[in-house]
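**Student:** Need a 3D model of the sequence below.
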Amino acid sequence: MKGFVLIVICFLLYNIIPNYYYRNKYKKIIKTLNTSLKEIALTFDDGPDPVYTEMLLDILKKNNVKATFFLVADKALKNKEIVKRMIEEGHGIGLHSLRHKSAWLSFPWQTSKDFGKSMKIFKELRYNIRLFRPPWGTFNLVVPYYAKKYDLNIVLWSIEAKDWSKNTTINQIKERIYKKVKGGDIIVLHDSNGAKGAPQRTIDALRELIPKLIEEGYEFVLVDQKAGVINE
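**Tutor:** Sure, this is the predicted structure:
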């Protein structure tokens with residue numbers, strides 16, 4: 001019984017309490033853009049995906065929209081040409097961990113290795129990464145330390161469409177964004193992973209949503225353009 005209590009206390013101190021603090025109280029986490037205009041940021045997690053990301057890039061290009069992609073480092077290494085296209089077409093990129101492992105499942109030395117290997121991959125690819133979004137937006141006690149060590153600005157979001165869920169429809173994705181959106185919002189969506197067919201539903205929703213938002217006067221910007229990102 002004592003061993004179980006000790007495990008629970010350690011879990012609270014290492015995961016639950018830091019996660020609550022950094023998600024809700026820590027002022028240096030970026031959740032919105034620093035703007036008073038109708039500027040918003042589209043962000044995509046979990047890619048690059050050899051099936052869906054190219055389709056998404058086609059839609060963004062058609063509408064002359066720029067977005068920020070938080071990439072899984074191992075996937076970036078396996079899909080170099082897609083990442084190259086992102087950069088060439090003016091999109092931003094950030095880190096989304098090495099293999100999309102939750103911080104809650106990583107001991108301190110594993111978290112250290114995750115950051116180190118990820119940054120090494122992007123250095124080999126010759127991309128200067130300045131942004132980091134933890135998988136599922138979760139923190140353990142040491143995630144912010146390693147983000148700071150590698151000069152990474154932590155980015156979360158202000159609007160989530162839950163597009164990864166098998167229960168989320170195309171219309172729900174559109175409505176969850178359209179009904180809430182306002183200037184300064186950072187919108188999180190996914191171009192990989194999630195339930196079967198989830199990224200396709202996201203893509204189908206954006207085909208209609210992006211032109212509608214443009215018609216309403218919204219301008220799509222990169223996170224590091226309007227979020228007070230520190231580039232030292």
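**Student:** Show me the strands in this structure, by range?
**Tutor:** 39-45, 68-71, 92-95, 131-132, 153-154, 159-160, 186-190, 219-220 (DSSP state E).
**Student:** Identify, out of those strands, the most deeply packed stretch.
**Tutor:** Most buried of the strands of the chain by mean neighbour count (mean count of other CB atoms under 10 Å) is strand 68-71; its value is a mean of 27. Where C-beta positions appear, they are placed from N, C-alpha and C, glycine not excepted.
**Student:** what does that strand contact?
**Tutor:** With CB atoms under 8 Å, 6 or more residues apart in numbering as the contact definition, strand 68-71 has outside contacts at 41-48, 53, 83, 86, 91-96, 131-133, 155, 191, 222-224.
**Student:** What strands flank it, and is each parallel or antiparallel?
**Tutor:** strand 39-45 (parallel), strand 92-95 (parallel) (DSSP bridges).
**Student:** which one of these lies closest to Y178?
**Tutor:** Among those, the nearest to Y178 by CB to CB is strand 39-45 (11.4 Å).
**Student:** Point out where the chain drops to low pLDDT.
**Tutor:** For the chain, the stretches flagged by pLDDT under 70 are 228-232.
**Student:** Quick check, K196 in contact with K166.
**Tutor:** Yes. The pair K196 and K166 passes the contact test of CB atoms under 8 Å, sitting 7.0 Å apart.
**Student:** More neighbours: those two, which one.
**Tutor:** K166 (10 against 7; other CB atoms under 10 Å).
**Student:** ok, now which ones touch the residue lying closest to L13 once chain neighbours are set aside?
**Tutor:** Nearest residue to L13, sequence neighbours excluded (CB to CB, 6 or more residues apart in numbering): L141, at 7.2 Å. By CB under 8 Å, 6+ apart, the contact set of L141 is L13, Y14, N15, P18, P108.
**Student:** Make a PyMOL selection of whichever of the residues you listed turn out to be buried.
**Tutor:** The following PyMOL line selects those of those that are buried, judged by 16 or more other CB atoms under 10 Å:
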select buried, resi 14+15+18
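**Student:** coming back round to it: switch the strands of the chain over to TSV; also include distance to K212.
**Tutor:** TSV is the format used below for the strands of the chain (distance: least, CB to CB, whole Å):
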stretch	distance to K212
strand 39-45	13
strand 68-71	21
strand 92-95	23
strand 131-132	27
strand 153-154	30
strand 159-160	15
strand 186-190	14
strand 219-220	13
